[in-house]
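Participant: Quick check, what structure comes out for this input:
(one chain, ligands or ions: 2)
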Amino acid sequence: MAKLLTPDICVIGAGSAGLSVAAAAAAFGVDVVLIEKGMMGGDCLNYGCVPSKALLAAAKSAAATRHAADFGVKVSQPSVDFANTNDHVRRVIAAIEPHDSQERFEGLGVTVLRTAAAFAGPDTLVAGDIEIKARRFVIATGSSALVPPIPGLDQVPYLTNESLFDLRDLPEHLAIIGGGPIGLEMAQAHRRLGSKVTVFEAQKALGKDDPDLAAVVLDRLRAEGVEILEETGVEAIARSEAGVIVTARTKEGAEIRTEASQLLVATGRAPNVDGLGLEAAGIAFTRKGIDVDKGLRTSNRKIYAIGDVAGGLQFTHVAGYQAGLVIRSILFRMPVTMSNEIVPWVTYTSPELGHIGLSETEARARHGDGIKVLTADYAGNDRAQAEGKTLGRLKLIAGPRGRLLGADIAGDQAGEILNLLSLALSKNMTMKDLAGFIAPYPTLGELVRRAAISYYAEAPKNVWVRRVIAILRKFG
Ligand SMILES: Cc1cc2nc3c(=O)[nH]c(=O)nc-3n(C[C@H](O)[C@H](O)[C@H](O)COP(=O)(O)OP(=O)(O)OC[C@H]3O[C@@H](n4cnc5c(N)ncnc54)[C@H](O)[C@@H]3O)c2cc1C
Ligand SMILES: NC(=O)c1ccc[n+]([C@@H]2O[C@H](COP(=O)([O-])OP(=O)(O)OC[C@H]3O[C@@H](n4cnc5c(N)ncnc54)[C@H](O)[C@@H]3O)[C@@H](O)[C@H]2O)c1
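Facilitator: Numbers count the residues shown, from 1 in each chain. Ligands and ions are numbered 1, 2, ... in the order given. Got it, this is the predicted structure:
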């Protein structure tokens, strides 16, 4: 007979989402079983955020060397040893790995099972020869690269985020299908390290971001030599002697044929739902992910789904945010509500592209002319001038009574600046708050103050303000 475990919480998937739930529950002394069929740490550590940011850091270093002469520093042009670059990526993963390891979680008191899990019924999960009946289950099985049904694609070797970071040789010419964050981060990284890169995007590249600010990033990538073909759908792939031939068509109907040495597919994500026995557990799902309510419960009230498998915004910090909500719901029975409007995101190209809250278009649709769009250019910031990072712009969307509704940034350290705006948005701050704090000089964070102060640009000309000043002057 199968061994039976009856923990308080059973978590399926040890990626960003599942690990956060397990660690928090264990910290409260709760009995937790965590099941992982692949690598501890999931996508973020092994095939996602960590290796991609490590590769981008190497690429940034190569780019900085090329531009050292702008600062009067003479160095020879960089030569890249890609196998060593890959070693750097591996070292970064290895440095972070212990934090997500089985040993650490067992040390926290979590029972870790290294096998695939599937539901056998509404309250029963099977993991190898172990049966689990938990008070609550949390599905955190993540997502995988979505591979579109392009004719010929299944006949050629292609890369996804799971295989890209294993390359030991720099691709001579990397063709990338998809101009989203994965496609463009990897396009710039490989271009800066010496590859020729062509990106095919069926619609608009970086289409989820503010179009004006996305254009800042796309122009820069093109200036660095990345070929970005927008509104160009890939129609067929064929094998060639040098690698692959990509056949695509522009929206005007012109055919484009590009031969490349390697092909990366970066066309979005598919939720990991296959083989989970969701039907047996009465859990509704679509091809976009498991259906959840605002409190992240599935159609089986004892089972939650969080992270990439729940569709929605797919980021590590969202997985962490959702894990916190689920912990509050399971352990403290508090009502929780997920809000996408306080979730920031950043694409880590140079310049970075960040967003939070409502876009200008969404804010206008909701508040009409009751919004103000306030901007500050990097060129007007002293720190940006000193660093030679003058390309970029910050945009704040102010709503009624000056409340911060949203923000977009294209520029150096956009992600770091977005931390301040993320706090401001989650605390319902106004332009008065953002204009009124003391920013250390010279920092890029001053861009926030500068944009917020412009909310009051008309105040000095206001006739009533002038009258008050004139009256007060009379008191000596
Ligand atoms: C190239 C790339 C770069 C990225 N960069 C960023 C970034 O810079 N910032 C950011 O915020 N996000 C980034 N992301 C997104 C981020 O990686 C994901 O949002 C995050 O990893 C989702 O975490 P998760 O726990 O939901 O899923 P995962 O990390 O995918 O973890 C799910 C785990 O569940 C396991 N599993 C699946 N099925 C079963 C089963 N039946 N039984 C047992 N275990 C199972 C899997 O093996 C996996 O380990 C990036 C993604 C990619 C691909
Ligand atoms: N910096 C970050 O936080 C970061 C970095 C990478 C990935 N991610 C996460 O991973 C997710 C997936 O990233 P992604 O870039 O794969 O997905 P995405 O959905 O954001 O972008 C995919 C792009 O591929 C295009 N596309 C789809 N099919 C195509 C086809 N047949 N031909 C040409 N173009 C096609 C789409 O129009 C879209 O623009 C992101 O949405 C994000 O949540 C985050």
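Participant: helix or strand for the closest residue to ligand 2 within the stretch 301-450 of the chain, which one?
Facilitator: For the stretch 301-450 of the chain and ligand 2, the shortest gap (CB to the nearest ligand atom) falls at residue 314, measuring 3.6 Å. C-betas here are computed from N, CA, C, even on glycine. For residue 314, there is no host helix or strand (DSSP states H and E).
Participant: Same question for the one 5 residues further on.
Facilitator: Assignment of secondary structure by DSSP H and E places residue 319 within helix 316-332.
Participant: same question, residue 304
Facilitator: Per DSSP H and E: residue 304 is located in strand 303-305.
Participant: surely residue 277 meets residue 118?
Facilitator: Yes - look at residue 277 against residue 118 with CB atoms under 8 Å: they come within range, at 3.9 Å.
Participant: contacting residues for residue 65?
Facilitator: If you count contacts by CB atoms under 8 Å, 6 or more residues apart in numbering, residue 65 has them with 75, 77, 78.
Participant: so the strand or helix carrying it versus helix 316-332, what angle?
Facilitator: Assigned by DSSP H and E, residue 65 belongs to helix 49-66. For helix 49-66 against helix 316-332, the angle by axes from the mean of the first three to the mean of the last three CA atoms, to 10 degrees is 150 degrees.
Participant: pLDDT (mean, whole number) over helix 49-66?
Facilitator: The pLDDT scores in helix 49-66 average 98.
Participant: Buried residues, it. List them.
Facilitator: Across helix 49-66, burial judged by 16 or more other CB atoms under 10 Å covers 49, 50, 51, 52, 54, 55, 56, 58, 59, 62, 63, 64.
Participant: same question, stretch 350-366
Facilitator: Result for stretch 350-366 [16+ other CB under 10 Å]: buried residues 350, 351, 352, 353, 354, 355, 356, 357, 358, 359, 360, 363.
Participant: pLDDT and secondary structure added to these, as TSV?
Facilitator: Listed next are these as TSV, based on pLDDT from 0 to 100; DSSP: H, G, I helix; E, B strand; the rest coil:
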residue	pLDDT	secondary structure
350	98	coil
351	98	coil
352	98	strand
353	98	strand
354	98	strand
355	98	strand
356	98	strand
357	98	strand
358	97	coil
359	96	coil
360	96	helix
363	97	helix
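Participant: can I get those residues in CSV with distance to residue 139?
Facilitator: Output for those, formatted as CSV (distance: CB to CB, whole Å):
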residue, distance to residue 139
350, 36
351, 37
352, 32
353, 31
354, 29
355, 28
356, 27
357, 28
358, 30
359, 30
360, 36
363, 34
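Participant: In this structure residue 50 contacts residue 92, no?
Facilitator: Yes - assessed by CB under 8 Å, residue 50 is found in contact with residue 92 at 6.1 Å.
Participant: Report whether stretch 121-139 contacts ligand 1.
Facilitator: No - contact of stretch 121-139 with ligand 1 (CB under 6 Å from any ligand atom) is absent, the minimum separation being 7.3 Å.
Participant: Check the offset of that stretch from the chain's centre.
Facilitator: 31 Å (CA atoms, centre = their mean, to the nearest Å).
Participant: next structured bit after the helix holding residue 65?
Facilitator: Helix 49-66 is succeeded, C-terminally, by helix 82-100 (DSSP H and E).
Participant: which of the residues in that following helix are buried?
Facilitator: In helix 82-100, counting by 16+ other CB under 10 Å, buried: 82, 85, 86, 89, 92, 93, 96, 97, 100.
Participant: One more: stretch 146-155?
Facilitator: In stretch 146-155, counting by 16+ other CB under 10 Å, buried: 150, 152, 153.
Participant: and which of those is nearest ligand 1?
Facilitator: Within the buried residues of stretch 146-155, the smallest distance to ligand 1 is 18.4 Å, found for residue 153 (CB to the nearest ligand atom).
Participant: In the stretch 351-476 of the chain, which residue sits nearest ligand 1?
Facilitator: residue 415 (8.9 Å).
Participant: Quick check: that residue touching residue 348?
Facilitator: Yes - with contact defined as CB under 8 Å, residue 415 and residue 348 form a contacting pair (7.0 Å).
Participant: So which of the two has more stuff around it?
Facilitator: Using other CB atoms under 10 Å as the criterion, residue 415 and residue 348 rank with residue 348 on top: 21 against 17.
Participant: Quick check: pLDDT value at that one.
Facilitator: Residue-level confidence at residue 348 comes out at 98, pLDDT.
Participant: From residue 187, how far off is residue 177?
Facilitator: Using CB to CB, to the nearest Å, residue 177 is found at 11 Å from residue 187.
Participant: cool, and residue 89?
Facilitator: Using CB to CB, residue 89 is found at 17 Å from residue 187.
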